[in-house]
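A.B. asks: Provided below for reference: sequence and predicted model.
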Amino acid sequence: MDAPTVIPSRWHLRAATALAAPWFTRAVVGSIALNSLVVALETDAAIAERHAVALRVFHAAIVAVFAAEMAVRFLAAGAAWRRFIADPWTRFDLLVLGASILPAVGPLAAVARLARILRVARIVSVSPKLRLIIATMVRSIPSLGHVGLLLGLLLFVYGVLGVHLFRDADPAHWGNLGVAMLTLFQILTLEGWVELQRTSMATEPWAWVFYASFVLLAVFVVVNLFVAVVLSNLDQARRDLADESAEPTAADVLAEVARLRAELRDLRVVRDADRSDRSHEHVRTS
């Protein structure tokens with residue numbers, strides 16, 4: 001009755017051992033780095049044409065490596081394979097792997113070429129720190145939307161005001177609302193706003209109030225709100241990652257299995273010694 005579960009358990013332990021080993025992650029990262037180098041070399045038309053066969057062989061080898069990695073990760077998941085498949089990073093890896101298998105010629109050639117580029121992005125799914133940054137960005141989107149709405153409101157109000165104040169003095173930057181908002185967006189980068197202010201002050205001496213108030217409100221307040229939101233969500237993402245790390249890993253499970261096996265061996269030794277003592281005692285008494 002136990003035979004059907006022996007082989008899967010054995011493969012699961014081997015896959016979990018390989019996944020927990022440092023060399024496994026290094027091999028995957030090295031493969032991604034090599035893929036990045038080859039993708040960069042392929043941008044040179046002469047190299048791509050001269051070494052077309054070697055490049056095709058290399059891409060096939062990289063796909064095989066990624067497929068083997070995915071198989072190891074799937075086996076290491078064991079009974080939790082459904083949760084493994086449901087993970088967004090796993091689905092991204094599967095999407096890249098599936099697109100990489102498509103032929104590089106024909107109607108799906110563009111998808112296959114895109115997959116080669118996306119294989120470089122797999123470094124994000126391999127690195128926990130990069131996954132933390134992406135999780136922070138995704139978590140920050142709703143809050144950043146409200147801050148962006150506030151920034152848009154400021155651009156609109158100051159844009160309308162700038163058109164009425166400076167349209168005659170500097171029509172190239174304040175001629176209409178669209179140009180004015182584009183000028184204000186340039187001021188957000190703190191690039192060239194002093195020259196704009198000097199031009200406006202030639203006809204409006206109080207123009208510095210307009211520019212100074214916009215820089216204070218939009219640049220030093222609203223833009224820093226973006227930073228505050230991202231930092232707040234970064235702390236929350238770190239806490240979530242710490243909670244996930246508290247769960248037993250494959251290495252922890254393997255260590256516990258090794259400990260239990262050692263205890264079983266000790267119990268067998270004690271049991272065999274006890275049986276031997278009993279048999280000797282029985283011989284002496286008989």
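C.D. replies: Thanks, I have the structure now.
A.B. asks: And T199, how close does it get to G178?
C.D. replies: From T199 across to G178, the span is 19 Å (Cβ to Cβ, to the nearest Å). No exception for glycine: its C-beta is placed from N, CA and C like everyone else's.
A.B. asks: can you check R198 too?
C.D. replies: For R198, the distance to G178 equals 23 Å [Cβ to Cβ].
A.B. asks: just so I have it, where are all the helices in the stretch 51-200 of the chain?
C.D. replies: 52-77, 81-86, 88-101, 109-126, 128-166, 171-174, 177-188, 193-201 (DSSP state H, counting those that start in this stretch).
A.B. asks: List the contacts of the shortest one.
C.D. replies: Helix 171-174 is contacted from outside by 162-163, 165-167, 179-180, 183, 196, 199-200, using Cβ atoms under 8 Å, 6 or more residues apart in numbering.
A.B. asks: Pull out the buried members of those residues.
C.D. replies: Those of these that meet the buried threshold are 162-163, 165-166, 179-180, 183, 196, 199-200, by 16 or more other Cβ atoms under 10 Å.
A.B. asks: Considering these, which is situated nearest to V65?
C.D. replies: Checking the buried ones among the contacts of helix 171-174 against V65 by Cβ to Cβ gives T183 as the nearest, at 51.2 Å.
A.B. asks: Low-confidence ranges, the stretch 101-250 of the chain, go.
C.D. replies: Counting by pLDDT under 70, the stretch 101-250 of the chain has low-confidence residues at 103-109, 240-250.
A.B. asks: and with 50 instead?
C.D. replies: Within the stretch 101-250 of the chain, no stretch has pLDDT under 50.
A.B. asks: related to what we said a few turns ago, out of the helices of the stretch 51-200 of the chain, nearest to A212?
C.D. replies: helix 193-201 (8.4 Å).
A.B. asks: Could you tell me the angle between that closest one and helix 177-188?
C.D. replies: Between helix 193-201 and helix 177-188, the angle comes out at 130 degrees (axes from the mean of the first three to the mean of the last three Cα atoms, to 10 degrees).
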